[in-house]
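# got a sequence here, can you model it:
(one chain, ligands or ions: 1)
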Amino acid sequence: MYAPQPFGCRERLLMTLLDHDRIRAVVWRDGSLELLDQRRLPQCEAFLRFNEAPAVAQAIRNMVVRGAPAIGIAAAYGVVLAARHAFATHGDDWQAAVRGDLQCLAAARPTAVNLFWALARMQRCLDALAPNVDPLLALLAEADAILAEDIAANRRMGELGAGLIDAGSAVLTHCNTGSLATGGFGTALGVIRAGWTAGRIEAVFADETRPWLQGARLTAWELTQDDIPVTLLAEGAAAHLLRQGRVRWVIVGADRITADGSVANKIGTYGLAILARYHGVKFMVVAPSSTVDMALASGDEIPIEQRAADELLSVGGARVAADGAGAWNPSFDVTPAALIDALVTERGVVLQPDRAKMQALMGDGV
Ligand SMILES: CSC[C@H]1O[C@H](OP(=O)(O)O)[C@H](O)[C@@H]1O
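Numbering: from 1, shown residues only. Below is the predicted model:
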């Protein structure tokens, strides 16, 4: 059994000085929402500007912005855009007019619960608007708060997760869980940033994460931006790597965690969890409480997004599969709590999560 070793003041100072927080995927600037187009990274760093909620929904669906917390934050600003448009076109009936845009945002992607958590929080803000308050300023302040709270949560999870890692460790991560997937700093990648800064992590392996290549394109880009050495591998090489005993932790993010501690995450996560358990490697899931869905009793209830076959059949726009071949392209899988050694949230660390521990973590406040 291991327990978090609290960070010393030197480690905290280092984390502050090393600005591992420059990258922003979602930015509200000059009255518009700007999203870093993650489809074009790492070759091109281009922001797209949005002023209409349906276009934000399409950007989420097309993965201009992706990653559970980042999707929620983008949708929150999408509600601000929806309210501004409704206010200008529907006068006193503007709040009813916003409903259609909220449904459009909610339909963008089905698995990451942060999308629905953020929309519900913005709806509560809408419902609570006082007559003497500027509604657009109130909604923008709520979206800003969601962003700021996410970054603060990531910083806290970075400390807590890194505190579990012994000095001299090598770790393996899957997909992208960094600043590009969140408000900033990252969840699993935030733990890796904090662990590197604290001198506890000495090597980072990232698998490429087919078919969208979040690992090869996004995680490798983020870590090289921070001068953190990263070694890429094909997913198929993970078993060989873990068998060689070179990795102490597999550290991943999450898109939805249910009341029994099951975790939906990028396809391939479940296989990594089985490999880790078989080879005696610790398995850590890092996610803010906004990713926990206590309304679902088990991971079997999580809607798993099926994405277009062409994402699998083509690479970089060029078809690589034989003509006539079909494709099965689930974007997520579900890892049972029994395979998870540590669940790190901003509320605390849950070792060997189970239903009772999830209830204790989340209490009544979701
Ligand atoms: C910090 S949550 C990131 C989470 O989202 C990714 O999925 P996608 O790139 O399809 O949005 C993946 O599951 C990551 O773990």
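
# low pLDDT regions in this protein?
1-6, 8-19, 365-366 (pLDDT under 70).

# rerun at 90
Applying pLDDT under 90 to the chain picks out residues 1-22, 91-93, 131, 316-317, 364-366.

# domains of it?
22-151, 153-365 (automatic domain parsing).

# out of those domains, which comes closest to residue 7?
Closest to residue 7 of those is domain 153-365 (CB to CB; 5.1 Å). Backbone N, C-alpha and C define where each C-beta goes, glycine included.

# does the longest strand along the chain reach the ligand?
Using DSSP state E, we find that the single longest strand of the chain is strand 201-207. No: residues of strand 201-207 are not located near the ligand by CB under 6 Å from any ligand atom, the shortest gap being 12.0 Å.

# residues contacting whichever helix or strand comes after that strand, please?
Next in sequence after strand 201-207, counting helices and strands by DSSP states H and E, comes helix 220-225. Contacts to helix 220-225, defined as CB atoms under 8 Å, 6 or more residues apart in numbering, come from residues 22-23, 41-42, 176, 178-180, 186, 189, 192, 204, 206, 229-230, 232.

# how near is residue 113 to residue 266?
Residue 113 sits 15 Å away from residue 266, going by CB to CB, to the nearest Å.

# to clarify, my last question referred to residue 258.
Following CB to CB, the distance that separates residue 258 from residue 266 is 17 Å.

# likewise residue 170?
For residue 170, the distance to residue 266 - CB to CB - is 21 Å.

# I'd like the distance from stretch 223-230 to the chain centre, please.
19 Å (CA atoms, centre = their mean, to the nearest Å).

# ditto for stretch 192-204
For stretch 192-204 - counting by CA atoms, centre = their mean - the centre lies 20 Å from the chain centre.

# and the contacts of that stretch?
7, 11, 14-15, 18, 20, 158-159, 161-162, 165-171, 173, 178, 185-186, 223, 226, 228-231, 246, 251.

# SS state for residue 89?
Classification of residue 89 by DSSP: H, G, I helix; E, B strand; the rest coil places it in helix.

# quick one: what helix or strand has the closest residue to it other than its chain neighbours in it?
In this structure, residue 89 finds its nearest non-sequential neighbour in residue 97, 6.9 Å apart by CB to CB, 6 or more residues apart in numbering. Taking DSSP H and E as the definition, residue 97 sits inside helix 94-106.

# does residue 289 touch residue 362 like I think?
Yes: between residue 289 and residue 362 there is a contact under CB atoms under 8 Å: 6.7 Å.

# joint contacts of these two?
Common neighbours of residue 289 and residue 362, counting by CB under 8 Å, 6+ apart, are residue 347.

# and what about residue 151, helix, strand or coil?
Under three-state DSSP, residue 151 falls in the helix class.

# please report the distance of it from residue 182.
8 Å.

# and these two? Which one has more around it.
Neighbour totals were compared for residue 151 and residue 182, and residue 182 leads with 34 against 20 (other CB atoms under 10 Å).

# name the nearest residue to that one, ignoring sequence neighbours.
Per CB to CB, 6+ apart, closest to residue 182 is residue 69, 4.1 Å.

# residues touching the one you found, list them.
Here residue 69 is in contact with 114, 150, 181-183, 187, 288, 290-291 (criterion: CB under 8 Å, 6+ apart).

# just checking, which of those belong to helices?
In this view, the contacts of residue 69 that belong to helices under DSSP state H are 114, 150.

# out of the contacts of residue 69, which touch the ligand?
Okay, of those touching the ligand (CB under 6 Å from any ligand atom), that's 181-182, 187.

# okay, those residues in CSV with distance to residue 271 next?
CSV is the format used below for the ones next to the ligand among the contacts of residue 69 (distance: CB to CB, whole Å):
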residue, distance to residue 271
181, 20
182, 24
187, 20
